[in-house]
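Colleague: One predicted model, sequence on top.
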Amino acid sequence: MKVRKFAATAVAVSTLGLVGPALAEPESPHEFSANLALTTNYMFRGVSQTNNGPAVQGGFDYLYHPYDFYVGVWASNVDSSSDGYDNTSMELDLYAGLTPSWQNFDFDLGYISYRYPKTKTSQNNSDEFHLGVSYGGLGYFTPSYTAHYSDDFFGLDPAWYHDLSIEVPLPEGFTLAGHYGWNRFDDSSLNYRDYSAGISKEYQGFEFDLSWVDRSDEKDCSAPFQCGHTAVFTLSKSF
């Protein structure tokens, strides 16, 4: 699943006309954010969605704090050849969920709908649910696990995706990230694993990420869905 970050919106407090100390207004329960990214290759679960070409991506998110409820939309260009997404050049994701926390645990229970406007193959449109948990109480690193399920994943019938990830803070504001994914289908011959390792840093409000992406059973991929074994550079900005 694509990584999306919520950016806090500033709340302006006007003290014009007040006599004496200004009283702080309560923080708004509503949080809006946006994100924009340029990447050398749109890799999704170890498979290029752009025939190893670049992508422009972006989205909008809304978070309602009292109930930790979020909803958002995200889009990216994809390969538009007839062998890819059947003449559509855009992926549009709609999603919603809950992100409660308990002690050092953060949870994510959500739904995502992958849509490809104007595609001639309706099986490209898929729906998926996920349940994830991360633990931030270890200090030196943050592990996470997310299980995804779709009853008809891109026309391949029911499928599970297990995502194990870890983030390690490094000196000078760098972050090291590792990922292992296991794709499981009803037809076990379609099963495969994907991996990635990368390093990122935020600088002047921009995030720079350089990752290596790979997967098993590369021989099963065909153009334009090129398999991993590639480096990916991404520049992103949250608003």
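Modeller: Done, it's in.
Colleague: And the lowest-mean-pLDDT helix or strand in the chain, how far out from the chain middle?
Modeller: Within the chain, no helix or strand scores below strand 47-48, which has a mean of 92 by mean pLDDT, DSSP states H and E. Strand 47-48 sits 15 Å away from the centroid of its parent chain (C-alpha atoms, centre = their mean, to the nearest Å).
Colleague: For that strand, give me every contacting residue.
Modeller: Contacting residues not belonging to strand 47-48 are listed as 41-42, 194, 215, 221, 224-228, 230 [C-beta atoms under 8 Å, 6 or more residues apart in numbering]. The way it works is simple: take the backbone N, C-alpha and C, and place the C-beta from them, glycine included.
Colleague: export the following helix or strand past it as PDB, just CAs?
Modeller: Counting by DSSP states H and E, the next helix or strand C-terminal to strand 47-48 is strand 55-64. Provided in PDB are the C-alpha atoms of strand 55-64 (Å, rounded to 0.1, in the frame of the first residue of the first chain):
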ATOM      1  CA  ALA A  55       5.600   9.000 -12.000                       C
ATOM      2  CA  VAL A  56       4.000  12.200 -10.600                       C
ATOM      3  CA  GLN A  57       1.900  11.400  -7.500                       C
ATOM      4  CA  GLY A  58      -0.200  13.300  -5.000                       C
ATOM      5  CA  GLY A  59      -3.200  13.300  -2.700                       C
ATOM      6  CA  PHE A  60      -5.400  15.000  -0.100                       C
ATOM      7  CA  ASP A  61      -6.200  13.700   3.400                       C
ATOM      8  CA  TYR A  62      -8.700  14.700   6.100                       C
ATOM      9  CA  LEU A  63      -8.300  13.500   9.700                       C
ATOM     10  CA  TYR A  64     -11.000  13.900  12.400                       C
END
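Colleague: Which SSE is immediately downstream of strand 55-64?
Modeller: strand 69-77.
Colleague: where in the protein is pLDDT low?
Modeller: Residue ranges of the chain with pLDDT under 70: 1-26, 82-84, 222-223.
Colleague: got the end-to-end distance for stretch 123-142?
Modeller: Stretch 123-142 stretches 36 Å from its first residue to its last (C-alpha to C-alpha, to the nearest Å).
Colleague: How about stretch 123-140?
Modeller: 43 Å.
Colleague: Same question for stretch 177-194.
Modeller: Terminal-residue distance, stretch 177-194 (C-alpha to C-alpha): 14 Å.
Colleague: What about the contacts of strand 47-48, which one has the most neighbours?
Modeller: Neighbour tally across the contacts of strand 47-48 (other C-beta atoms under 10 Å): the maximum, 25 neighbours, falls on Y42.
Colleague: so what's that one closest to, chain neighbours aside?
Modeller: Counting by C-beta to C-beta, 6 or more residues apart in numbering, Y42 lies nearest to A55, which is 3.9 Å off, once chain neighbours are set aside.
Colleague: Quick check: the gap between the one you found and D157.
Modeller: A55 is 28 Å from D157, where distance means C-beta to C-beta, to the nearest Å.
Colleague: For the two, indicate the residue with more neighbours.
Modeller: A55 (21 against 13).
Colleague: Correct me if wrong: that one contacts W74.
Modeller: No. Counting by C-beta atoms under 8 Å, A55 sits too far from W74 to count as a contact (11.8 Å).
Colleague: on contacts alone, who are the packing partners of the helix or strand hosting E91?
Modeller: E91 belongs to strand 90-98 when assigned by DSSP H and E. Applying 3 or more C-beta pairs under 8 Å, 6 or more residues apart in numbering; DSSP states H and E, one finds that strand 90-98 contacts strand 69-77, strand 105-115.
Colleague: Those: which one's closest to M90?
Modeller: Evaluated over those, closeness to M90 peaks at strand 69-77, with 6.2 Å, by C-beta to C-beta.
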